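Novice: what follows is a predicted protein model with its sequence.
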Amino acid sequence: MWRPQLLILQATPYCNINCRYCYLHNRQDRRVMPDEVVDAICKKILANVAPDAVPTIVWHAGEPTVIPAAWYRRAHERLKAAAPPAAAFRIQSNGIAISGEWIDFLRDTSTRIGLSIDGPQRFHDARRKTRTGGGTWTLVMKSLRRLQDCGIEPNVISVLHPDFLSAADEFYAFYKDHEITDISFSIDEAQGANPSSSFEKEDQKAAVTAFLVELLDRAFADRYPLRIRDIERMSNILAGNTRLDNEQLEPWQIVVVAANGDVTTFSPEFMDLAPDTHDNLCFGNILTDDLHAIFKNERVAAAQLEIRQGIEICRSSCKYFQVCGGGAPANKLAENGRLASGETVFCRHSIQAAADALIEFLSSARAGRSAEQMLGRTAARPPAVALGRASR
Amino acid sequence: MDRHIGLPITFALAMAAANPSAKPMLGEDAGELLQRGTLKELLSRAQGEPMAGQAKREALDRMAQSCGNQIWRRC
C-alpha cells in the first residue's frame, strides 16, 4: 500500500504580499482550486493511501489565507473523511490576515499553522514586503499574538540573509520575547522566479553555523525550549528515535497538487520551476488523468534515474550524506542545472551548517562547559536587544 | 500562564554528552566521537542500532525527568 508522507495542496497560486526572494512565478494568479479538484484529490489520491499511513496534508503556496476560511472548512471536511485517521493537517501562511474566523477554523479542525517571520522587524521588513512596498512585520506579529492568545502555537520559518548572521542575539531575543519555540531556517534560494541567492556571492556556511550555535547556547543557558527543526531532526537520528528519511528522493512520498489539478512529486518546488529540460516537471493532472497513469509517467522514471545518480554523487563526495541522504532535487536542478549533481549553496547553508552547529554545540557540552559558561561565550558579544518578556 | 514545554531533544543530548552516567544512551564511545567531531560516525552508530532506539528514548525521557524537565517551562 502507498504511504506518502506529505501532500501539498496549492489552493491558489496568488499571494497578497511580494517578498523579495519569492520563487513563485504565478503569485499574481488569482485562480482558486475548484471543488472538482478537491473531490479528485479525495477519490484518486487519498482513497489509495494505506489506512495506517500518517501523511501530513499541507495548504501551501501562494498565500492560502487569501481564500476565505469557509472554503477550507468545506474542503477539510471532505479531505478528512477520505484521509487515513492519523493524517495531520497544516497550513503555511504569511500571517498578515489571521482573523477570528481563521482561528476558529484552526481550532475546530486541529490544523497546525506555520508563519513566515524573518526575525526582528528590521530584518523581516527588509524583504517581506506588501505589494506597495511596505513592511509586513507589524501585521504578522499581530496575528502571532492573536493566535497565541487563543492557545495556538505556530511554528515559525525564518529566511536568512548574510546580513542577519551577526545578529543571533537579536534573533534569540525576538524568539524568546515572543514565546516562539519551534523554528526553522532557510536561505533565499536561487530557483524559480528568484534568479539568485544572497548566499552565492560569498560562502557563509561558517557564519550560519555560528549563528545557530549561538541560538542554541543562549537557549540552553536560559532553559528556553527552542527547537530548531533541522537540528532537532538530526538529534532525533542521533538519539535513535528515528531514521534518516529524505522524502524528496523517492517518487510519490511527496505529492503536490496545484489549484488547476496539476500534479508533481519529489521536491515541492518542482511545481514552480518549469524547466524546459524536464517538460515542466508536471507529471499529470488529477482531474483528467488516472492516478496510476500519473505514477507510471515515463518522465517520473527519467527524473528518478537522474535523482538517483545525484544521490550517488552525494554519497561518494559529501561527508554530510548520513544526515541528508542526497540533498534537495529542486535546488540541484536550479543551481547546478541538472538533477544528477551534488552539493548546492542550499546544502552548504542549510543541512551542512545545521550539522556543524549540532556537533559544535554537543562538543561544547561534552567538554564540560556549563550552561553559564556557554552563555558567557555568547555574552562576550554585546546584545543588541535586552532579553525580556514582551508585554501582552 | 505557566505552560509545560518538553525538553528539546538537542538539549537532552547536550545533557547526556556532559553527563558520564548517561553515556550509554549515546553509545559506549560516543563521547570520544563527539570529541573528535565525527558526527558521521556517531550517526552511523545510532542508525545501525535500531533496537537501541526505544532504550535511548526511554533514557532520554528519564533524563528529561531527572534533569529538571520542570525547569523547561515558560511564562
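Specialist: Yep, it's here.
Novice: got a list of what the most centrally placed residue in chain A touches?
Specialist: The C-alpha lying nearest the average C-alpha coordinate of chain A belongs to A:Ile157 (CA atoms, centre = their mean; 6.7 Å). Residues near A:Ile157 by CB atoms under 8 Å, 6 or more residues apart in numbering or on different chains: A:92, A:114-117, A:183-186. (C-beta placed from N, C-alpha, C; glycine too.)
Novice: A:Ala293: neighbour count?
Specialist: By other CB atoms under 10 Å in any protein chain shown, 11 other residues sit near A:Ala293.
Novice: any idea how far A:Met1 is from it?
Specialist: Using CB to CB, to the nearest Å, A:Ala293 is found at 19 Å from A:Met1.
Novice: wait, A:Arg73 touches A:Arg107, no?
Specialist: No: using CB atoms under 8 Å, A:Arg73 is not in contact with A:Arg107, being 11.8 Å away.
Novice: could you list the single helix or strand in chain B with the lowest mean pLDDT?
Specialist: strand B:73-74 (a mean of 30; mean pLDDT, DSSP states H and E).
Novice: wait, a strand at the residue nearest to the centre of chain A?
Specialist: Yes: under DSSP: H, G, I helix; E, B strand; the rest coil, A:Ile157 sits within a strand.
Novice: and it, bridged to which residues?
Specialist: Here A:Ile157 sits in beta bridges with A:Ser116, A:Ser184, going by DSSP bridges.
Novice: and it, what's its pLDDT?
Specialist: The per-residue pLDDT reported for A:Ile157 equals 97.
Novice: could you list the low-confidence segments of chain B?
Specialist: Across chain B, residues meeting the criterion (pLDDT under 70) sit at B:1-6, B:17, B:19-75.
Novice: show me where chain A has its strands.
Specialist: A:6-9, A:56-59, A:88-93, A:111-116, A:155-160, A:182-187, A:227-228, A:254-257, A:262-265, A:284-285 (DSSP state E).
Novice: reformat those strands as CSV; add distance to A:Ile45.
Specialist: Listed next are the strands of chain A as CSV, based on distance: least, CB to CB, whole Å:
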stretch, distance to A:Ile45
strand A:6-9, 7
strand A:56-59, 10
strand A:88-93, 15
strand A:111-116, 18
strand A:155-160, 25
strand A:182-187, 26
strand A:227-228, 30
strand A:254-257, 6
strand A:262-265, 8
strand A:284-285, 11
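Novice: and the stretch 201-350 of chain A, which residues reach chain B?
Specialist: Contact residues, the stretch 201-350 of chain A versus chain B (CB under 8 Å from any CB of the partner chain): A:216, A:219-220, A:223-228, A:231-232, A:234-244, A:319-323.
Novice: just the buried members of the residues you listed?
Specialist: A:216, A:219-220, A:224-228, A:231-232, A:234-240, A:242, A:244, A:320-323 (16 or more other CB atoms under 10 Å in any protein chain shown).
Novice: quick check, A:Val49 in contact with A:Leu6.
Specialist: No: A:Val49 is beyond contact range of A:Leu6, at 11.7 Å (criterion: CB under 8 Å).
Novice: what's the overlap in contacts for those two?
Specialist: A:Pro55.
Novice: flag the shaky bits of the stretch 1-150 of chain A, pLDDT-wise.
Specialist: For the stretch 1-150 of chain A, no range has pLDDT under 70.
Novice: can you pull the contacts of A:Ile98?
Specialist: A:Ile98 neighbours (CB under 8 Å, 6+ apart): A:65, A:113, A:143, A:146-147.
Novice: neighbour count for those residues - can I get that in JSON lines?
Specialist: Written out in JSON lines, the entries for the contacts of A:Ile98 read as follows (neighbours: other CB atoms under 10 Å in any protein chain shown):
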{"residue": "A:Thr65", "neighbour count": "26"}
{"residue": "A:Ile113", "neighbour count": "25"}
{"residue": "A:Ser143", "neighbour count": "23"}
{"residue": "A:Arg146", "neighbour count": "16"}
{"residue": "A:Leu147", "neighbour count": "20"}
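Novice: can you tell me which of the residues you listed is nearest A:Thr265?
Specialist: Proximity of the contacts of A:Ile98 to A:Thr265 (CB to CB) peaks at A:Ile113, which lies at 24.8 Å.
Novice: list the buried ones in stretch A:69-82?
Specialist: A:69, A:71-72, A:75-76, A:78-80, A:82.
Novice: take those residues and keep only those in helices.
Specialist: A:69, A:71-72, A:75-76, A:78-80, A:82 (DSSP state H).
Novice: closest one of the residues you listed to A:Thr136?
Specialist: Nearest to A:Thr136 among those, with distances taken as CB to CB, is A:Ala69, at 19.9 Å.
Novice: correct me, but the closest one touches A:Ser93?
Specialist: No: using CB under 8 Å, A:Ala69 makes no contact with A:Ser93, being 11.3 Å away.
Novice: which residues are common contacts for those two?
Specialist: Common neighbours of A:Ala69 and A:Ser93 (CB under 8 Å, 6+ apart) do not exist.
Novice: who does the residue nearest to A:Trp59 when sequence neighbours are not counted form a beta bridge with?
Specialist: Distances taken as CB to CB, 6 or more residues apart in numbering or on different chains place A:Ile91 nearest to A:Trp59, at 4.3 Å, with adjacent residues excluded. Note on A:Ile91: beta-bridge partners by DSSP bridges are A:Trp59, A:Ile113.
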